[in-house]
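Student: Any chance you could fold what I've pasted below:
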Amino acid sequence: MSRFTVSIAGASGYTGLEAIRYLSFHPDITIGTLYGDSSAGLMISDIYPALKGICDMEITSINTIKEDRSDAVLLGLPHGKSAEAVSWLLEGGYEGRIIDMGSDFRLRDAGGYPSWYGYEHAYPGLIPHFVYGLTEVYRSEISRAKKIANPGCFATALQLAIVPAVKSGIISGPVHITGITGSTGSGASHSSTTHFSSRFANFRAYKVFGHQHLAEVEQTMTGLSGNPPELLFVPVSGPVTRGIWLTASFTLGRDEDLVSLYESFYRGSPLLRLRNGLPELKPVVGTAFTDIGMVQDGRNVVVGVAIDNLGKGAAGQAIQNLNLMLGMPEERGLVVPPVVF
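Tutor: Numbers count the residues shown, from 1 in each chain. From the prediction side, this is the model:
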């Protein structure tokens with residue numbers, strides 16, 4: 001019998017769908033209520049026929065979320081909407097765990113939201129109650145938390161690529177990052193840049209040096225190092241549906257065996273796999289794994305990271321954090337093989 005009940009808000013979005021996929025087979029969790037806005041009243045398996053016979057639940061209006069009494073709520077809502085949902089939950093006396101898979105609680109300074117995300121934070125007083133959920137870095141804090149701000153997909157890959165090096169203070173000069181992401185990173189809503197004819201067989205750089213996920217990355221790096229390196233990030237939309245493949249290139253300020261450094265830092269991380277050489281994307285698609293590898297030539301280094309943007313980059317990491325919050329092994333219900341071909 002399942003020990004915990006977990007509800008999902010924004011169930012019909014891609015992140016919500018991924019959370020449903022994982023939680024439907026989690027041995028200790030039952031899905032409670034699925035919440036939505038425009039999708040309220042519809043069956044989730046009618047929206048996504050792949051869920052037929054797996055999750056045949058009706059989506060409930062998010063306006064009723066303040067009545068929720070599940071053990072945890074996962075929020076997969078657009079910018080600015082998660083904070084409102086959290087306020088509703090708290091108004092209703094909710095005492096369970098909350099994980100925001102969106103952006104509303106990632107930045108510690110509410111003043112950063114207008115410039116990075118284009119909106120004023122409506123509930124800045126809630127921000128200090130959230131712990132940043134980069135599992136491999138803040139595992140201890142997450143296990144004691146009741147509210148988590150899940151990192152962004154690019155932010156997750158970028159940070160896991162450089163955190164060990166930044167924390168040890170061995171980087172000299174800027175870090176040059178290029179990250180390629182799949183179309184699901186843009187969400188379920190359609191636009192001209194997510195249309196098949198625009199994405200297929202095409203690569204397009206966007207938000208060069210100004211991607212919003214840089215804000216949370218710089219926040220983490222400042223907390224880990226008194227003198228963090230400059231980050232020069234080029235995001236690229238690629239012709240794949242899922243996944244992020246990212247490289248971070250930098251120069252070391254002293255001689256260092258980077259493989260040994262990363263092995264030591266990530267020891268005890270069951271969902272992170274260190275590879276020989278740079279990783280490929282396909283072995284992580286459909287999983288919550290992170291694959292990291294590197295090439296080192298003296299003091300010149302390239303670190304590569306591959307994640308699924310909906311897995312480790314979103315719902316997978318949320319459930320990894322949820323497991324810790326509920327006292328379970330972080331990999332519980334998440335160790336699934338990818339579709340290899």
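Student: how about the helices in the stretch 151-300 of the chain?
Tutor: Using DSSP state H, counting those that start in this stretch, the helices of the stretch 151-300 of the chain run over 153-168, 196-199, 213-224, 258-265.
Student: what residues are up against the closest residue to T178 other than its chain neighbours?
Tutor: Excluding the flanking residues, the one nearest T178 by C-beta to C-beta, 6 or more residues apart in numbering is V234, at 4.9 Å. From N, CA and C alone the C-beta is placed, and that goes for glycine too. Listed by C-beta atoms under 8 Å, 6 or more residues apart in numbering, the contact set of V234 reads 177-179, 205, 208-209.
Student: ok, now with 10 Å
Tutor: Residues counted as contacts of V234 (C-beta atoms under 10 Å, 6 or more residues apart in numbering) are 176-180, 205-209, 211.
Student: if we can go back for a sec, any idea which of the helices of the stretch 151-300 of the chain scores lowest on pLDDT?
Tutor: Mean pLDDT values for the helices of the stretch 151-300 of the chain show the minimum at helix 196-199, a mean of 68.
Student: returning to what we had before: ok, which of the helices of the stretch 151-300 of the chain comes nearest L322?
Tutor: Closest approach to L322 among the helices of the stretch 151-300 of the chain is made by helix 153-168 (15.7 Å; C-beta to C-beta).
Student: lowest-pLDDT helix or strand in the chain?
Tutor: helix 196-199 (a mean of 68; mean pLDDT, DSSP states H and E).
Student: Which among the contacts of V234 count as buried?
Tutor: Neighbour-count burial (16 or more other C-beta atoms under 10 Å) applied to the contacts of V234 gives 176-177, 179-180, 211.
Student: Closest one to L224 out of those residues, please.
Tutor: Nearest member of those to L224, counting by C-beta to C-beta, is I177, at 16.6 Å.
Student: Okay, the closest one and F130: tell me how far apart.
Tutor: Counting by C-beta to C-beta, to the nearest Å, the gap from I177 to F130 is 26 Å.
Student: Over to R273?
Tutor: In this view, R273 and F130 are 28 Å apart by C-beta to C-beta.
Student: Looking at the two, which is more packed in?
Tutor: Shown here are R273 and F130; by other C-beta atoms under 10 Å, F130 has more neighbours (21 against 16).
Student: and the more buried one, backbone torsions?
Tutor: Note on F130: its backbone torsions stand at phi -100, psi 140 [degrees, to the nearest 10].
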